[in-house]
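Colleague: return atomic coordinates for the entry below.
(2 chains)
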Amino acid sequence: MLNIKNLHVSLEEEDKQILKGVDLTVEAGKVHAIMGPNGSGKSTLSYVLSGKEGYEVTEGSADLLGEDLLEIDPEERAALGLFLAFQYPVEIPGVGNMTFLRTAVNSQRKARGEDEMSASEFLKAVRERAKSLKIDADMLKRPVNVGFSGGEKKRNEILQMAMLEPKMCILDETDSGLDVDAMKLVAEGVNALRNEGRGFLVITHYQRLLDHIKPDVVHIMANGRIVKTGGPELALEVEQNGYADILAEVA
Amino acid sequence: MALAQVKIDATEERLNTLDMPQEGWSTAARKDALMRLRSMGLPSRRDEYWKYTRPDTLVQPKALDAAVLQTDEVPVFDGLERLKIVFVDGVFSADESDDLVLEGVAIERLADATADIHWAKGLYGVLENKGQNPVERPLAALNTAYATDGVLIHVTGKPSKPISMIYRHISTSSDAILHHIVKIDKGAEVTILENGPAAARFNKCMEIDVADTATFHHVRAQGRDHERRAATHMFARLGTESTFKSFTLTANGVMTRNECVIELTGDDAHATVAGAALGDGDFHHDDTVFITHDAVNCESRQVFKKVLRNGATGVFQGKILVKAGAQKTDGYQISQSLLLDEDSQFLAKPELEIYADDVACSHGSTSGAIDEEALFYLRSRGVPVGEATDMLTLSFLAEAVEEIEDGALAEEINECLAAWLARRRD
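Modeller: Numbering: from 1, shown residues only, chains lettered A, B, ... in the order given. Prediction:
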């Protein structure tokens, strides 16, 4: 599904290399987790894959379903099936959450040459999915993320994911700023979307999110590279011993 | 101070092209306005309030030609129930207008009101004259003296539908001067709509007297003809517990100067002036607002948003004057521009002058570009960059549009804004 090969990335503004040769393959139906200390390049990886400006790919490749991701615009990546759940979802005053969602859904359908969703079809679909995420009518009506609590923002991200039905989901520190109950709710939302055709890349500092979203593969990222790969037990090792031991071991 | 000879010459040169309608009750006010105009002279670039806007084309004897926009789009407000009053190049058109009959209001054409005695005599040129101090507004005095047409609206109740003035522009060289009077009796309520380019050059003045507990709603969409020029004035006097709410949409126009002068004379009154302007290329748009608080516990809001691209210019000059004794005043003023490129500019001059000690006045002015974070967020969800930029632009304008109380009217304006943006998308 997602193939990343020897990816090297620097910041455009300053001559600073963040990713120094990332190799990673996420298969359909699998959940991969990336853990790592602050500054290891986890978030940069998610931004580069989704097409944020300000980064320069100096070497390597990334493709989704055989398409070169790095050559196309963010909206084309989305239409191809890539979704990034933001660590800090952006507030957009003056744009209703529903309007935004519907524009997004129909833009992607249009880009793929599919029929647009009618207003009633869309409304039905949103209500169904919003209900299981405990998102009420008021939250749907309000401007995008404006005045939302941390938990509401993350739930709204998962709602977008559920509506857009992407093939490859990247979750960037979706657990940050969430209490235990909110994290459970978000995790349930994600788990409901797990299926054979969909891949997940879950980026997190802590093991606790992985208690709820059980990964198939865990990677440890440090200093712009993936330094260790293993099963779910690797996350437990981090939880118990911190990153220092693992980093010392691979150094 | 004596006027400079060059200013006197420019003023006389313009006056030579005009004929004063000499008829009935308005004659005295017209002559008075002419005298006042001669003593101040027409505006020139050296005048403090014309520093950012060149008055030349508004002042020169002959109007510059303006091509008429050919379009088969449905005009704004078209689907709404309303009483239509149509002016073609500044001349009232009885054929295209509805009968000027509506319960709760008496409407009369200015050019037809030629008797010696008329209720409008107490207002015509009166509020305009009052609004000349402390800032001179010579184009309004010229309007009072030479207006050839307009309507006199006396609101006694709550008419069931808005009164809608439609300004059609047909002749490329038309030069129109219209003067309207709106008098709203105690407890009465009216909504006035205005739309259309009006003429190649348009000078319009509206005097509005809002009595105690009366309400005035006003939504205007200035015509899109790119080359048209307009200088408009609103002069309003607000009584106790009265409400005044005005919103203007300006899309296109090489020269627009909208002045609004409001005096809150009764306690607990409310005034809102809001505007959204969209400019592309050689667009120049100027909002000049002066709100005087002269009573206790009044609220005023100025909310202006401008979207500027390809070298367009936006100007805002907004003042709040709080007189001694106008305690508990709540004054709010915001003027913001969204600059879509580095060639466009926004010039803002917010002014506060406060002589009371128990007031809350706030003002802010900003210029900015599209928020890159928000743009990326929308694009990452699959919204193409053009559409995403439009969504963020509408989001920027929303604060001004939200000042329109009537949801259906706000929706009409939002549709105009979205259509303007969509026309400019690739």
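
Colleague: what count of nearby residues applies to B:S362?
Modeller: Using other CB atoms under 10 Å in any protein chain shown, B:S362 is surrounded by 11 other residues. C-beta coordinates here come from the backbone N, C-alpha and C atoms, glycine included.

Colleague: show the contacting residues for it.
Modeller: B:G331, B:Y332, B:Q333 (CB atoms under 8 Å, 6 or more residues apart in numbering or on different chains).

Colleague: can you tell me which of these are buried?
Modeller: Buried residues within the contacts of B:S362, defined by neighbour count using 16 or more other CB atoms under 10 Å in any protein chain shown: B:G331, B:Y332, B:Q333.

Colleague: now do the phi/psi pair for A:E71.
Modeller: The main-chain torsion angles of A:E71 are listed as degrees, to the nearest 10 and equal phi -90, psi -10.

Colleague: where's it relative to B:V383, distance?
Modeller: Applying CB to CB, to the nearest Å, one obtains 20 Å for the distance of A:E71 from B:V383.

Colleague: in JSON lines, list the contacts of B:S362 along with pLDDT, distance to B:E342 and secondary structure.
Modeller: As requested, the contacts of B:S362 are exported to JSON lines (pLDDT from 0 to 100; distance: CB to CB, whole Å; DSSP: H, G, I helix; E, B strand; the rest coil):
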{"residue": "B:G331", "pLDDT": "97", "distance to B:E342": "33", "secondary structure": "strand"}
{"residue": "B:Y332", "pLDDT": "97", "distance to B:E342": "30", "secondary structure": "strand"}
{"residue": "B:Q333", "pLDDT": "97", "distance to B:E342": "27", "secondary structure": "strand"}
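
Colleague: ok, of those, which one's closest to chain A?
Modeller: Each of the contacts of B:S362 was checked against chain A using CB to the nearest CB; the closest is B:Y332, at 17.2 Å.

Colleague: surely that closest one is in contact with B:S300?
Modeller: Yes. In this structure B:Y332 lies within contact range of B:S300 using CB atoms under 8 Å: 7.1 Å.

Colleague: name the helix or strand for the residue of the stretch 51-200 of chain A found nearest chain B, please.
Modeller: The stretch 51-200 of chain A approaches chain B most closely through A:G94 (3.1 Å), counting by CB to the nearest CB. Element membership for A:G94 (DSSP states H and E) is strand A:92-96.

Colleague: show me what that strand is packed against.
Modeller: Using 3 or more CB pairs under 8 Å, 6 or more residues apart in numbering or on different chains; DSSP states H and E as the contact criterion, the elements in contact with strand A:92-96 are strand A:143-144, helix B:372-380, helix B:385-401.

Colleague: any idea whether B:Q317 is helix, strand or coil?
Modeller: Three-state call for B:Q317 (DSSP: H, G, I helix; E, B strand; the rest coil): strand.

Colleague: tell me how many other residues surround it.
Modeller: Burial measure for B:Q317: 24 neighbouring residues, criterion other CB under 10 Å.

Colleague: now the one 10 residues further on
Modeller: Applying other CB under 10 Å, we find 16 residues neighbouring B:Q327.

Colleague: one more: B:G382?
Modeller: 31.

Colleague: could I have stretch B:16-24 exported to PDB, CA atoms only?
Modeller: Coordinates of the C-alpha atoms in stretch B:16-24 are reproduced here as PDB (Å, rounded to 0.1, in the frame of the first residue of the first chain):
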ATOM      1  CA  ASN B  16     -20.900  75.300 -14.500                       C
ATOM      2  CA  THR B  17     -22.000  71.900 -15.700                       C
ATOM      3  CA  LEU B  18     -25.000  71.700 -13.300                       C
ATOM      4  CA  ASP B  19     -28.400  73.200 -13.200                       C
ATOM      5  CA  MET B  20     -30.200  73.600  -9.900                       C
ATOM      6  CA  PRO B  21     -33.800  72.300 -10.000                       C
ATOM      7  CA  GLN B  22     -35.600  75.500  -8.800                       C
ATOM      8  CA  GLU B  23     -38.800  74.200  -7.400                       C
ATOM      9  CA  GLY B  24     -40.800  74.400  -4.200                       C
END
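
Colleague: quick one on the thing from earlier: of all the helices and strands packed on strand A:92-96, which one is nearest B:G187?
Modeller: Put simply, out of the helices and strands packed on strand A:92-96 the one that sits nearest B:G187 is helix B:385-401, at 28.2 Å, with distance taken as CB to CB.

Colleague: which other helices and strands does that closest one contact?
Modeller: Contact partners of helix B:385-401 among helices and strands, from 3+ CB pairs under 8 Å, 6+ apart: strand A:92-96, helix A:97-111, strand B:270-280, strand B:299-309, strand B:330-339, helix B:372-380, helix B:407-423.

Colleague: and the one helix or strand A:L234 maps to, which residues are buried?
Modeller: Assigned by DSSP H and E, A:L234 belongs to helix A:233-250. By neighbour count, with 16+ other CB under 10 Å as the criterion, the buried positions of helix A:233-250 are A:L234, A:A235, A:E237, A:V238, A:Y243, A:I246, A:L247.

Colleague: quick check, pLDDT for the second one.
Modeller: So the one you mean is A:A235. A:A235 is assigned a pLDDT of 88 by the prediction.

Colleague: if I look at it, how far off is chain B?
Modeller: When distances are taken as CB to the nearest CB, to the nearest Å, A:A235 and chain B turn out to be 27 Å apart.

Colleague: give the contact list for that residue.
Modeller: Contacts for A:A235 (CB under 8 Å, 6+ apart) come out as A:A33, A:M35, A:Q207, A:L210, A:P215, A:V218.

Colleague: mind redoing it with 10 Å?
Modeller: The contact partners of A:A235, taken as CB atoms under 10 Å, 6 or more residues apart in numbering or on different chains, are A:33, A:35, A:204, A:206-211, A:214-215, A:218, A:220.

Colleague: the residue most central in space within chain B: which element?
Modeller: Nearest to the geometric centre of chain B sits B:N258, at 4.4 Å (CA atoms, centre = their mean). B:N258 belongs to strand B:255-264 when elements are defined using DSSP H and E.

Colleague: relative to strand B:270-280, how tilted is that strand?
Modeller: With axes from the mean of the first three to the mean of the last three CA atoms, to 10 degrees defining the directions, strand B:255-264 sits at 170 degrees from strand B:270-280.

Colleague: from B:T71, how far out is B:S174?
Modeller: Distance of B:S174 to B:T71, computed by CB to CB: 18 Å.

Colleague: more neighbours: which of the two?
Modeller: Between B:S174 and B:T71, counted using other CB under 10 Å, B:S174 has the larger neighbour count: 23 against 9.

Colleague: quick check: that one touching B:A63?
Modeller: Yes. Under the criterion of CB atoms under 10 Å, B:S174 is in contact with B:A63, at a separation of 7.2 Å.

Colleague: which residues are common contacts for those two?
Modeller: Overlap of the contact sets of B:S174 and B:A63 (by CB under 10 Å, 6+ apart) consists of B:A199, B:A200, B:R201, B:F202, B:R228.

Colleague: among the residues you listed, which one sits closest to chain A?
Modeller: Closest to chain A, out of all of the shared contacts of B:S174 and B:A63 and judged by CB to the nearest CB, is B:R228, at 28.9 Å.

Colleague: shouldn't the closest one be in contact with B:F283?
Modeller: No. With contact defined as CB under 10 Å, B:R228 does not reach B:F283; the gap is 11.1 Å.

Colleague: tell me, what's touching the two both at once?
Modeller: Counting by CB under 10 Å, 6+ apart, the residues touching both B:R228 and B:F283 are B:N252, B:G253, B:V254, B:M255, B:T256.
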